Every structure is written in structure tokens, then in C-alpha cells.
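A.B. asks: Take this sequence and fold it.
(chains A and B)
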Amino acid sequence: MFHQLEEQLRASFAQFLSANYGLEAQVVVEQPKQSSFGEFALPIAFSLARQLRKAPKAIAEELVAKMPAIPGVAALEVAGNGYINVRLQRGHYARALLSGSAAALNPAAGKVIVEHTNINPNKAAHIGHLRNSVLGDTFVRMLRSAGRRVEVQNYIDNTGVQVADVVVGFHYLEKKPVEEVKALIAQPKFDYYCWDLYARTSQHYTANPEAIQWRRDTLHAIEHGEGTLAEIGHLVADAIVERHIDTMWRLAIAYDVFPRESEILHLKFWAKAFEQLKERKAVYLVEEGKNQGCWVMAASHFREGASEAASDDDAKVIVRSNGTVTYVGKDIAYQMWKFGLLGLDFHYKPLRVYPDGHQAWVATDEPCDLPAPAFGGGAEVYNVIDSRQSYLQDVVVAGLRALGYDKQAEHSIHFSYEMVALSPRTCVELGIPLSEEDRKRPYVEVSGRKGLGVKADDLIDKLIEKARAEVDSRHPDKAEAERVRVATQIAIGALRYFLLKFTRNTVIAFDLQEALSFEGETGPYVQYAAVRARNILRKLEERGGALPDFSQLDEAALARQLQAEDFWQLLIAASKSGSALDSALSSGEPAAMARYAFQLAQAFNAFYHDYPILAEENPEKRTFLLWLAVYFKEQLERTLDQVLGIPVPDYM
RNA sequence: GGGACCGUAGCUCAGCUGGAUAGAGCAUCUGCCUUCUAAGCAGAGGGUCGCAGGUUCGAGUCCUGCCGGUCCUACCA
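C.D. replies: You can find the predicted model right below:
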């Protein structure tokens, strides 16, 4: 609604300027610094000052005087040195909201593919992985809320070095036969077991460099899919993927399809992509130098300013001299498949039915009887991958471009984000040893190899435990199962909000104390505002009342009530959810959406404190306040639950 | 060496394509629970927006240089 008016305003001014001054001006519509200035502010007079050679203030005054009436707008005012402030007709605006005459969504056509999570299936998920998943999942929810069709992919690197290292641990270090590994998999927390084993194997390599041969042998075995090593590799990877799915579902994060690296190889995705790359001369064979015998992509393809004659040594190796393909090479093939450019497809089998009935599929190399949806073939692709891999992502896009797929390269977006590190204080708390140097740093990087980090499940458990204590003390009369449910919802809210409140390119120095906080700018604060709105309505019912018929609030009544600035500001804030989604989406910042939710909650909390609705005796005002509470509740709940993936508890 | 990002209140961070008096949260201090739950509300203090130039009606925002910090620049991913 708010957004609609903004557009209308823009259009009206542009049209007026074009018709009366012959100017094709870009009309900027801002929101005033102070709400007392009105709902919109246009700095148009400033930009016209040069062209018209007149003082901005004079231009603004002239425009305001000549501008024909705009529906829904009460007044245009000149302020400051030449701002045009816009005030809306409050009753008219509220009536439109009440009767639900919202604009229909007009989403772009075409499927959006969002790839996120992508955790190496060799150990438990940690806090850094959570940032990826929460960002990706929230972005997916934002797109879907805007009406886009979205497919969520979680790519599994099940044949890589990291899986191989855990296999080395099982086979060479622990000398476990397949049966014992299977028994371990059946135990709970198999991902935690692998977390430690992976760290041990890494340490073993450091102490015994010759042991690296085990890794080579294992990688080779896994790639060919034969023998004990390969069998353990597949068992481990599949089992860990299941654990990751469990962990992410605790945060209401789900996937549609799991493409796997093993199928990229077995189904000849890479071979086909390689053919095309060679044909188009996107890659070439190096004759001499350090990259002798490798197929490489010239630096000029992916690096700004690199000259055509840049040396072979600067090029990116795509196929190693031993004939094996690098991860980037496989990623190019995968990216081509995502856009439907490869002419090949995976086979799929069902992997998991989520508790809500959603079916997730996994890629396989054998046909399956069950019909799977059509995956891949997206119009836009977002890869949620941390910023350290931007170089690799540039190479992937360069690959598409070199093949002549300019449009796809354009729509191939690296949705990058900075890493999650640990605050020194939290390291101490977790017993992680710090060097003198580390102590002075603002943060310490986590390391899977060293086994340093905060495991996702541990963090979620801690949050639930803390929320549980709060819920228990406030609601000792509620059934235990119910208290656990509410505590879990609060924990999810706290965690998701914490990971979303930072913009993407900010390094998060994870601080346990801060993450466990439920006060101030946190998920529980926002949830609490929604719960308060629910409490009002529940209390009304408990006292034998019922919601009045809001249609009796006509424009005049609404205008009367909305003379109160507090009410008007809350209504305006709540009606901005569509506008907030729009701008968060165009800037690609889920943090903006989280911030909006927080601001809306703040506005409501102040309102809640100042105006006891149920005690209101004036019938018109009471009806109006109840409507305001209901409208706020709807907007906030939609923003929390649908867009941010944060559940709203029944009570707190 | 080359590339990218960052530097805003004591701390952690917002600040959309340049716009009105630079904002939150935490921490500190002061008030407010017989009311729809205080996970809350109201208020106070706290800033040379790293430094120096430039662009213009106007710069935290754009350009250049410097200082400080981080990441990338693998036949790992």
C-alpha cells in the first residue's frame, strides 16, 4: 500500500514535469528524516535548480502551487531550502488498508535457483555454516513472499578431499572395517564423531607428511567408486548429509534437491562441459611452465585488467596435469546445468519427506521409477557462498561468458557473505587456546581442520536451554511439552535474528553472550511484540468479548482516530512491510528485512505501553485500537514467520 | 606485487541510487510493574563519521592520495 502510493507520487510528478516543463527528470521519493514532516519527501527542486536556474525554494513553491491534486494526498508542503513534503489523507489511507485493496503481486517470470548450505559432508555443521543457511533460506523466503518461483539446491561435494580425510581416519588410523563404520553411523551424533576424527587426521598429516599418500589413494578410490575406501566414503557422506538435514530443519530450513558431485562425474556432466569449453577455446592446454600439462582458463577471462598476453602461470587450472578436474571445473558444469545449458540431467530419487510433507530429492546416476519434478533450468541463479571464494565464482561466471552465454553469466549471482569468526572472549569460554597475538585480534577464525568452532547443534541446544529457563519461570503452570515447544521457538528466533542482523559483508565475531541475549535488538524482542498483540486478543476473548466488526470504521471515523500522531505512525510503519520487502530484495540484504521487523516491534511496544486497549471506554476508539492491533499483528507475523522464518510463540 | 572489502558513540553495528539536527542495540546512570505479561517503556550522558585534498547548492555516502586492518591471488575447496 505504502509502496503503491510512493510509485504513484513518482509517476504524478514525472508526468507533471514532462507536460509543463518538458523535463524528463528522475523523481526521487524519500522518507523524511522526521516523521513530523509527513510521509514522503521529494528533493526534486534541488536537482531542477541547475537546469531552471532558479533557487530550489522558488521551484518547490511553484511546483506545489501548480501541481494538480493527487488521490490520497492531503497536502504538499515546502520545507527547508526546497524540500517538498507530502502528507497523506489518513482516513483514506487507513480505509484502503482496512478493505484490503492491496495491489496484486506482479512477479517476474522464470524460476529462481538458490543454492545454499553446501557443507562438506564429513563433519558436524558449525556456526559459519549456519550463517550461510540462514541467509540463503531467508533470501528464498523473501523471493517467495514476492511471488517468485524458487528452487532450493544444496550441492553435496561427496567425492572431495574433506570426505577422503575422514575415510582415511576410519580406515588407516582407526582401522575400522565397513561393519564398524556402519555401527557408528547408527549411533547418535555421528557427525560429532567425524568432527573429531577429521581434526585428528589433519593433525596426523602435519606430523607425518608421508601419510598424505593415503589421501591420494582414497580420493582415487572414491572417484572410481570401487573398494572398501569408496564404500566407506559413500556411507559417511550420505550419513552426514542426513545429520545436516536434521540440523537445518531444527531452524525450519529445507531443500528441494541435492545435486551431488559424484553424479556430476558419473553422468558425464563434466565431460560434456569440457567439450564445449575446448570447442569455444575457453580453455587451452599449457605446453610449458609451472602449469605444463594442465588445461587452463586465461586470466583475461575472469580478472579485470589482466592483459590478453598474461602468462600461462596466471591462468586458472581447470584440469590438472594428471587429467583430473578441479572443483571449479565441476562447478562450471553444475552452473551450466542450473541454467539448462548442458543438455544433460541427473536422475533423482526421494531423499527425505519433511514433517510438513515437503519432499526433497537427491541426484543419482541410475533411473528411478518415481517421477521427480523438473529441476534445474533456472532463469536466475543465486549461489550463497562465502566471500573468500569470490575468485572461484568469478571463474565460473567467466566460463559461462567464454561459452557465449552472456545472459546467463549476467544472471549468475554470487550471493556472498563474510565469515563467522569467534570473539576472543568466547574462545576463552570454550577452552580454545589463544596465542598472544590472537588475544589482541578482534576475532579468531574457526578451523574445521583444527576442530575449532561452535557446532550448530550445540549452539541450538544452549539457546533452547536458556529459553527454557525463562519460560519455566514465567509459565510454571503450562505442560512441559508445551514449554519445550515455546522455548524452541524462542531459540530459533534468537539464532536466526542474530545471524541476520548483520549485513552480508560484515564479519561476525561470534560472541556467545551476545548470541544468547534475548533483550534489545534480538529475535525474542520482536517475537515478544507479536505475542503481546496476541495477548490482547486472547484476553478480550477470555473476558467474554469478541472482535468488533471493523467495517463499521468508515473513513471519517478512521480520520478522527488517526489525528493522534502515535496511531498514525504505527499504522504507517506496519503498512510498510511490502515496501521493506521490496527494498531488501533489490539490495539483496536480508538484514534490512530483519531491521524492519525490529523497528516495527519497537513502534508497537511503545504503543502497547501507552494505550491500554481493553480498558478503552470510547467505543469508536476501542474498535479502532483493536483494528490497529490486529493489523499490526498480521503484518508482523507475516514478516516474522513467512519472510524471516522466525516462528511466533503462543505466549512468552 | 596485483585484486576486493572494511575504518561511524566505550563495545557491536545500521545509514537505500549524494539531501533537512548522523541513528539503533549493548554497557553506564535516572525513573516506571494493584493495568492487555517489565524478554518491556520513558529519559540522560556519550561523535574531529581513520587522515588530507578534490568534485557541488549540498559529502558519512562520489573521486584521488595517505594511514590502519582483513580476505583473496593453489595442479585445496
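
A.B. asks: drop to CA atoms for contacts and neighbour counts, all remaining ones
C.D. replies: Noted.

A.B. asks: What residues does residue A:329 make contact with?
C.D. replies: Contact analysis of residue A:329 by CA atoms under 8 Å, 6 or more residues apart in numbering lists A:270, A:318, A:319, A:396.

A.B. asks: Give me the subset of those residues lying in helices.
C.D. replies: Counted as lying in helices by DSSP state H, out of these, are A:270, A:396.

A.B. asks: Including distance to RNA strand B, could the contacts of residue A:329 go into JSON lines?
C.D. replies: JSON lines is the format used below for those (distance: CA to the nearest atom of the strand, whole Å):
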{"residue": "A:270", "distance to RNA strand B": "13"}
{"residue": "A:318", "distance to RNA strand B": "7"}
{"residue": "A:319", "distance to RNA strand B": "7"}
{"residue": "A:396", "distance to RNA strand B": "12"}
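
A.B. asks: ChimeraX command for the buried members of the contacts of residue A:329?
C.D. replies: A single ChimeraX command selects the buried members of the contacts of residue A:329 (16 or more other CA atoms under 10 Å):
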select /A:270,318,319,396
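
A.B. asks: Is RNA strand B within reach of the helix or strand residue A:204 falls within?
C.D. replies: When secondary structure is defined by DSSP states H and E, residue A:204 falls within helix A:190-207. No: contact of helix A:190-207 with RNA strand B (CA under 7 Å from any atom of the strand) is absent, the minimum separation being 11.8 Å.

A.B. asks: So what touches that helix?
C.D. replies: So helix A:190-207 is in contact with A:122-124, A:165-166, A:168-170, A:173, A:184, A:211-212, A:239-240, A:243, A:448-451, going by CA under 8 Å, 6+ apart.

A.B. asks: State the mean pLDDT of that helix.
C.D. replies: Averaging pLDDT along helix A:190-207 gives 94.

A.B. asks: how far does that helix sit from the chain's center?
C.D. replies: On the basis of CA atoms, centre = their mean, to the nearest Å, helix A:190-207 is displaced by 30 Å from the centre of the chain it belongs to.

A.B. asks: Return the set of buried residues in it.
C.D. replies: Neighbour counts over helix A:190-207 (16+ other CA under 10 Å) mark A:190-202, A:204-205 as buried.

A.B. asks: Then stretch A:349-368?
C.D. replies: Residues A:349, A:350, A:352, A:359, A:360, A:361, A:362, A:363, A:364, A:365 are the ones in stretch A:349-368 that count as buried (16+ other CA under 10 Å).

A.B. asks: so is the residue positioned nearest the centre of chain A in a helix, a strand, or just coil?
C.D. replies: Nearest to the mean C-alpha position of chain A, by CA atoms, centre = their mean, lies residue A:135 at 2.4 Å. Secondary structure state of residue A:135, per DSSP: H, G, I helix; E, B strand; the rest coil, is helix.

A.B. asks: ok, residue A:182 - contacts?
C.D. replies: Residue A:182 makes contact with residue A:235, according to CA under 8 Å, 6+ apart.

A.B. asks: Would you mind listing what in the stretch 101-250 of chain A touches RNA strand B?
C.D. replies: Residues of the stretch 101-250 of chain A found near RNA strand B (CA under 7 Å from any atom of the strand) are A:120, A:157, A:160, A:161.

A.B. asks: any idea how far residue A:209 is from the last one?
C.D. replies: Which is residue A:161. 16 Å (CA to CA, to the nearest Å).

A.B. asks: can you check the first one too?
C.D. replies: Separation of residue A:120 from residue A:209 (CA to CA) stands at 23 Å.

A.B. asks: Compare neighbour counts for those two and give me the winner.
C.D. replies: Set residue A:120 next to residue A:209 and count neighbours by other CA atoms under 10 Å: residue A:120 wins out with 22 against 10.

A.B. asks: State the pLDDT value of that one.
C.D. replies: Looking at residue A:120, its pLDDT is 95.

A.B. asks: burial count for residue A:314?
C.D. replies: Neighbours of residue A:314 using other CA under 10 Å come to 16.

A.B. asks: Am I right that it is in contact with residue A:297?
C.D. replies: No: Residue A:314 lies out of contact with residue A:297 (CA atoms under 8 Å); the separation is 9.2 Å.

A.B. asks: hang on, the earlier thing: among the residues of the stretch 101-250 of chain A next to RNA strand B, name the ones in helices.
C.D. replies: The subset of those located in helices under the criterion DSSP H comprises residue A:161.

A.B. asks: Going by distance to residue A:224, which of the residues of the stretch 101-250 of chain A next to RNA strand B wins?
C.D. replies: Checking these against residue A:224 by CA to CA gives residue A:160 as the nearest, at 12.5 Å.

A.B. asks: got the contact list for the closest one?
C.D. replies: Residues near residue A:160 by CA under 8 Å, 6+ apart: residue A:219.

A.B. asks: so how far is RNA strand B from the spatially closest residue to residue A:576 that is not a sequence neighbour?
C.D. replies: Distances taken as CA to CA, 6 or more residues apart in numbering place residue A:2 nearest to residue A:576, at 5.6 Å, with adjacent residues excluded. Computed as CA to the nearest atom of the strand, to the nearest Å, the residue A:2 to RNA strand B distance reads 14 Å.

A.B. asks: Residue A:2 - how many residues pack around it?
C.D. replies: Residue A:2 has 20 nearby residues by other CA under 10 Å.

A.B. asks: Can you name the residues in contact with stretch A:257-273?
C.D. replies: Under CA under 8 Å, 6+ apart, the answer for stretch A:257-273 is A:151-159, A:223, A:329-330, A:332-334, A:336, A:342, A:344, A:346, A:360-365, A:375.

A.B. asks: Over to stretch A:63-74?
C.D. replies: Stretch A:63-74 has contacts (CA under 8 Å, 6+ apart) with A:9, A:12, A:16, A:76-78, A:84, A:86-89, A:92-93.

A.B. asks: any idea where the helices of the stretch 351-500 of chain A begin and end?
C.D. replies: Assigned helices in the stretch 351-500 of chain A, in chain order: A:390-402, A:406-410, A:424-430, A:436-440, A:456-474, A:480-500 (criterion: DSSP state H, counting those that start in this stretch).

A.B. asks: Just put the contacts of residue A:329 in a markdown table and tack on pLDDT.
C.D. replies: Shown next, in a markdown table, are the contacts of residue A:329 (pLDDT from 0 to 100):
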| residue | pLDDT |
| --- | --- |
| A:270 | 95 |
| A:318 | 95 |
| A:319 | 94 |
| A:396 | 96 |
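
A.B. asks: ok, the contacts of residue A:329 vs residue A:417, which is closest?
C.D. replies: Nearest to residue A:417 among these: residue A:396, at 17.6 Å, using CA to CA.

A.B. asks: sorry, back to before: ok, now which ones touch the residue nearest to the centre of chain A?
C.D. replies: Residue A:135 makes contacts with A:384, A:499, A:500, A:590, as judged by CA under 8 Å, 6+ apart.

A.B. asks: do that again at 7 Å, thanks
C.D. replies: Residue A:135 is in contact with A:500, A:590, counting by CA atoms under 7 Å, 6 or more residues apart in numbering.

A.B. asks: tell me the pLDDT at it?
C.D. replies: Model confidence at residue A:135, given as pLDDT, is 98.

A.B. asks: mind checking how far it is from residue A:118?
C.D. replies: Computed as CA to CA, the residue A:135 to residue A:118 distance reads 13 Å.

A.B. asks: and what of residue A:230?
C.D. replies: Per CA to CA, residue A:230 is found 21 Å from residue A:118.

A.B. asks: Run through who's touching stretch A:407-415.
C.D. replies: Here stretch A:407-415 makes contact (CA under 7 Å, 6+ apart) with A:380, A:381, A:382, A:383, A:384, A:385, A:393, A:397, A:400, A:401.

A.B. asks: Going by neighbour count, which residues in it are buried?
C.D. replies: By 16+ other CA under 10 Å, the buried positions in stretch A:407-415 come out as A:408, A:409, A:411, A:412, A:413, A:414, A:415.

A.B. asks: Check the residue of the stretch 401-550 of chain A found nearest RNA strand B and give its pLDDT.
C.D. replies: Closest contact between the stretch 401-550 of chain A and RNA strand B, by CA to the nearest atom of the strand, is at residue A:520 (3.1 Å). Looking at residue A:520, its pLDDT is 95.
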